[in-house]
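> give me a model of this one.
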Amino acid sequence: MISIPVSTRSVGHKSEARTRSEPSYELWTVLAALTLLYVVAMLEGNRRFVWFDELYTLDIARARTIPLLWRLIARFDFQPPAGYLFSRFSMELFGQNPFGLRFPSMLEFYVGSMALFFFVRRKVGISYATAAVLILWLGGTFRYATEARPYALLMMSFSTLLLCWDIATTSEKRRLALWGVAISNLGMLSAHIFAPLSLFPFLAAELVRFSRTRKADFALWAALLLPTAAMILYIPLLRGSGALYFPAAFQASAGKIVYFYFGAISIISVALFVAVCAALIMPQGKPWIGPVRSRRTEEMVLLGLILLNPILLNIVLSWRHGAFWDRYVITTTAVIYIGIAILLGLRLARNRYAGYAAAAILLVFCVRTDVWKTSSFFAVKDASALADVRSDLPLVDAGGVTFFEMNHHEKPDVLSRLYFLKDRSLAMSYTHTNIFEDHGWGDGMKPDYPISASVRSYTDFIHQHREFLVLGTYDAPEEWVLRKLHDDGARLTWLGAYPLPYVDYNLYLVTLTAAK
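Model (predicted):
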């Protein structure tokens with residue numbers, strides 16, 4: 001028999017009190033304003049360059065068949081297929097352009113933001129929920145709203161799971177919330193191979209709730225556990241990703257943990273400080289008179305464990321010499337931001353006017369960061385600046401990231417002379433990475449993968465060409481060609497730094513003075 005969550009019989013009355021304390025026009029006005037800001041930010045953000053990671057999504061999503069799509073994932077990108085399928089469907093509707101590619105992420109990030117809005121609203125009211133969303137949009141994670149990667153889907157699924165779990169554990173009418181838990185949990189586990197890290201805190205919270213109430217909530221346990229069957233898809237993906245070696249600069253470490261937490265706070269610290277100051281000087285007006293729920297132990301456990309995810313993931317990845325990026329724990333970032341808004345609301349006794357004062361200041365910073373600054377990004381779109389620089393010579397791209405981006409964005413006259421050089425032993429010797437060797441591009445890939453430029457063995461290329469251009473960087477963690485040429489005694493002449501939209505923009509003329 002399914003038990004009813006404790007302390008729920010009075011919640012219905014409290015919900016009615018909240019409805020009476022917050023006029024409907026206030027909620028709809030706030031939602032309309034946030035939506036307008038979001039749409040404007042998306043119009044600007046979509047102008048952003050379609051970069052390396054997104055191009056993987058593009059190529060895989062438009063594979064000729066679904067089985068081929070899965071084979072490409074298992075070879076190159078090692079993520080569950082949900083994100084690629086959404087982009088595939090979106091591009092069928094809107095075309096194979098940046099908007100069609102990114103529309104799922106735009107929609108997902110918006111839904112996730114609204115889920116967090118309603119979660120914070122349940123705790124401290126509309127004004128602080130507005131501040132929470134603006135803090136989220138002001139932070140670095142907002143770029144994933146216009147990035148065709150699985151992180152917006154991960155954030156949306158987690159946010160809706162958090163909201164539905166909160167409703168399911170505090171309300172009597174919870175059938176829709178239970179379905180929401182199951183569906184969002186399935187979406188989360190189908191978004192990213194590190195998603196289980198964000199599920200475990202919910203399981204721990206349910207164990208704490210059971211130890212407190214001594215009543216098993218079988219329906220909620222089913223909603224949390226049954227979708228884990230999707231994790232069977234992880235087996236080939238984990239096997240493939242586990243064979244990757246990353247440069248030391250990208251690998252997980254204690255320093256990465258410190259950098260994550262510091263970055264999550266510092267990126268919004270100035271705006272938040274100004275917002276708090278504005279809130280503190282506001283006169284004490286009518287506070288929010290909705291329900292004040294006591295902080296539940298299971299809720300504190302859930303949010304606390306989410307905050308520990310970067311530490312746990314870095315420990316696991318450092319053991320496997322894997323790379324860590326902040327986007328892997330976007331759910332932790334979201335919890336930090338909503339936690340700041342909730343603590344602000346509690347500190348100011350849920351005073352709605354103080355909350356709106358803080359939100360107004362955050363809005364100014366959001367407009368400046370997400371609209372005005374974004375409009376000036378990536379004015380340069382291609383490598384046309386190189387067109388007249390020794391066009392008779394081959395052009396070698398020393399970096400796999402830039403090569404892959406140029407392969408998609410450059411015109412045929414550039415691609416016809418563009419090369420990427422491979423040598424596994426040299427790559428491991430100089431950079432300790434195989435990301436562009438064992439799992440990169442090579443012969444025999446066409447027509448399954450759209451590489452138009454040339455991929456050649458380093459040894460074969462230098463035997464055929466005694467003079468050529470190299471676009472690259474000496475100190476890039478994953479680039480080795482320039483260092484190898486220097487060690488071999490080649491003459492390297494720096495021709496300049498060119499206005500290119502790529503990571504590599506330094507151009508060198510290479511002259512081999514002796515046979516190798």
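
> show me what contacts the most centrally placed residue in the chain?
The C-alpha lying nearest the average C-alpha coordinate of the chain belongs to Tyr151 (Cα atoms, centre = their mean; 3.7 Å). Taking Cβ atoms under 8 Å, 6 or more residues apart in numbering, we find Tyr151 in contact with Ser105, Thr141, Tyr144, His192, Arg327, Ile330. Any C-beta I mention is one placed from the backbone N, CA and C, and that applies to glycine too.

> try 7 Å
Tyr144, Arg327, Ile330 (Cβ atoms under 7 Å, 6 or more residues apart in numbering).

> tell me which of these is nearest to Leu220?
Distance to Leu220 across the contacts of Tyr151 (Cβ to Cβ) is lowest for Ile330, with 24.4 Å.

> quick check: closest non-adjacent residue to Pro477.
Among residues not flanking Pro477 along the chain, Pro247 sits closest, at 3.6 Å (Cβ to Cβ, 6 or more residues apart in numbering).

> contacts for stretch 26-42?
Stretch 26-42 has contacts (Cβ under 7 Å, 6+ apart) with Met106, Tyr110, Ile126, Thr130, Val133, Ala145, Thr146, Cys366, Asp370, Val371.

> gap between Ile342 and Gly112?
To Gly112, Ile342 is 17 Å away according to Cβ to Cβ, to the nearest Å.

> so for those two, which residue has more residues nearby?
Gly112 (29 against 20; other Cβ atoms under 10 Å).

> could you check the pLDDT of that one?
We have a pLDDT of 98 for Gly112.

> distance check, it against Val133.
Gly112 sits at a distance of 10 Å from Val133 (criterion: Cβ to Cβ).

> neighbours of the residue nearest to Pro477, how many?
Using other Cβ under 10 Å: Pro247 sits among 16 other residues.

> for Val40, see how far away it is.
Per Cβ to Cβ, Pro247 is found 38 Å from Val40.

> coming back round to it: surely the residue nearest to Pro477 and Ala476 touch.
No: assessed by Cβ atoms under 7 Å, Pro247 is found out of contact with Ala476, at 8.8 Å.

> could you say which helix or strand holds Phe420?
Applying DSSP states H and E as the criterion places Phe420 in strand 418-422.

> please apply the same query to Leu134.
Counting by DSSP H and E, Leu134 is part of helix 126-138.

> tell me the helices and strands packed up against that helix.
Under the contact definition 3 or more Cβ pairs under 7 Å, 6 or more residues apart in numbering; DSSP states H and E, helix 126-138 sits against helix 24-45, helix 98-124, helix 254-280, helix 330-347, helix 352-367.

> and those: which comes nearest Lys484?
In terms of Cβ to Cβ, the element of the helices and strands packed on helix 126-138 nearest to Lys484 is helix 254-280, at 28.4 Å.

> buried residues in whatever helix or strand comes next after the closest one, which are they?
Sequence order places helix 297-307 as the next helix or strand after helix 254-280, per DSSP H and E. Across helix 297-307, burial judged by 16 or more other Cβ atoms under 10 Å covers Glu298, Glu299, Val301, Leu302, Leu303, Leu305, Ile306, Leu307.

> please apply the same query to stretch 419-431.
Going by 16+ other Cβ under 10 Å, stretch 419-431 has these buried residues: Tyr419, Phe420, Leu421, Lys422, Asp423, Leu426, Ala427, Tyr430, Thr431.

> can you check stretch 134-142 too?
By 16+ other Cβ under 10 Å, the buried positions in stretch 134-142 come out as Leu134, Ile135, Leu136, Trp137, Leu138, Gly139, Thr141, Phe142.
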